[in-house]
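*Asks:* predicted model follows, preceded by the sequence.
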Amino acid sequence: MKAILILADKEIRDGLRNRWVLGTILSFAGLALSLAFLGSAPVGSTRAGELAVAVAGLSSLTVYLMPLIALMLAFDALVGEFERGTMLLLLSYPVTRWQVVLGKFLGHIAILAVAVLVGYGSAGLLLAWSGGWDVEGAGSYLAMMASSVLLGGVFLALGYLVSVLARERSAAAGWALGLWLFAVVLYDLALLGLLVAGGDALGAGQFVALLLASPTDAYRILNLIGDRAVAAVAGLAGAAARAGIGGLAPVAAMLGWLLVPLLLTLVILQRRDL
């Protein structure tokens, strides 16, 4: 456990030395504040609290931004070590390959957690201070923050899988960008096209399965159906609620998307030659 924590600390310090990580934290804060305050216009018509409106807006922002940031952190985490020859040096110390992966994962997810805490936390505190506080909205806001970190963990795990499969950093970067494009944009477009083409042929159970097959859609469902006020300002919430998706199913789907790629990364790394 000590080796994992040392590796995690190294990743955190390396990440904080990169200016784009600081830029990420500031971007979260700036965009969160903009959406939180400029996006409060629907409150009067939907009777939703300001925190609930902020959850709906920030969830949509997170779906696009968090996966990209996580993949940029993770895509060269392993292949970069192999290219530079530092993986062999690293493994000459009393650490195992699985400790390297878990140490990097803890360090990277800590960076994402700090970004969410500083960015979204500051926006939530300012909204509460300005009079937008309510207990139900605060619970949904905190759940959104926690699930945003979980979504980041999912794409960190997917990024590690890309990194251990690739033989060059350039290839890993291309695969990571393609993965982001598919998971965030193309999958939903394909699902929309299937719904339009299939009409009533697609049952509720199949629709649920297709939604949960995407970690980003599972994230949307988790945040958009947990609070009735949030559901009032989110289009996907109504469809998901009619399909009968419970709160545990999206969490289980996201945990599966985190654990399976992480385990595959460990298995492949154990078999990869240095």
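*Replies:* In hand now; what should we look at? Numbers count the residues shown, from 1 in each chain.
*Asks:* pLDDT score for Ser147?
*Replies:* Note on Ser147: pLDDT of 93.
*Asks:* got any ranges where the stretch 51-200 of the chain has weak pLDDT?
*Replies:* When residues are selected by pLDDT under 70, those of the stretch 51-200 of the chain lie in 131-134, 136, 198-200.
*Asks:* quick one: the helices in the stretch 1-150 of the chain, in order.
*Replies:* With helices called from DSSP state H, counting those that start in this stretch, the stretch 1-150 of the chain shows them at 2-17, 19-38, 43-46, 50-74, 79-84, 86-91, 97-127, 135-165.
*Asks:* any chance of those helices in a markdown table, plus distance to Leu263 and mean neighbour count?
*Replies:* Glycine gets a C-beta too; all of them are placed from N, C-alpha and C. Conversion of these to a markdown table gives the following (distance: least, Cβ to Cβ, whole Å; neighbours: other Cβ atoms under 10 Å):
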| stretch | distance to Leu263 | mean neighbour count |
| --- | --- | --- |
| helix 2-17 | 16 | 15 |
| helix 19-38 | 27 | 17 |
| helix 43-46 | 42 | 12 |
| helix 50-74 | 15 | 24 |
| helix 79-84 | 19 | 18 |
| helix 86-91 | 20 | 14 |
| helix 97-127 | 10 | 21 |
| helix 135-165 | 9 | 23 |
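*Asks:* give me the residue at the spatial middle of the protein.
*Replies:* Leu151 (2.4 Å; Cα atoms, centre = their mean).
*Asks:* any idea how far that one is from Ala74?
*Replies:* 13 Å (Cβ to Cβ, to the nearest Å).
*Asks:* return every residue with contacts to both of these two.
*Replies:* Counting by Cβ atoms under 8 Å, 6 or more residues apart in numbering, Leu151 and Ala74 have no contacts in common.
*Asks:* how about the helices of the stretch 1-150 of the chain in CSV, adding distance to Asp188?
*Replies:* Shown next, in CSV, are the helices of the stretch 1-150 of the chain (distance: least, Cβ to Cβ, whole Å):
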stretch, distance to Asp188
helix 2-17, 30
helix 19-38, 20
helix 43-46, 24
helix 50-74, 9
helix 79-84, 29
helix 86-91, 36
helix 97-127, 23
helix 135-165, 15
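*Asks:* any idea which of those gets closest to Gly178?
*Replies:* Evaluated over these, closeness to Gly178 peaks at helix 135-165, with 9.2 Å, by Cβ to Cβ.
*Asks:* so which elements touch that closest one?
*Replies:* helix 50-74, helix 79-84, helix 97-127, helix 169-181, helix 215-224, helix 228-232, helix 248-271 (3 or more Cβ pairs under 8 Å, 6 or more residues apart in numbering; DSSP states H and E).
*Asks:* for Gly205, find the nearest of the ones you listed.
*Replies:* Taking Cβ to Cβ as the criterion, Gly205 comes closest to helix 248-271 out of those, the separation being 11.9 Å.
*Asks:* got the contact list for Ile268?
*Replies:* 161, 164-165.
*Asks:* quick check, nearest of the residues you listed to Gly121?
*Replies:* Leu161 (30.0 Å).
*Asks:* check the gap between the closest one and Arg167 for me.
*Replies:* Taken as Cβ to Cβ, the span from Leu161 to Arg167 is 14 Å.
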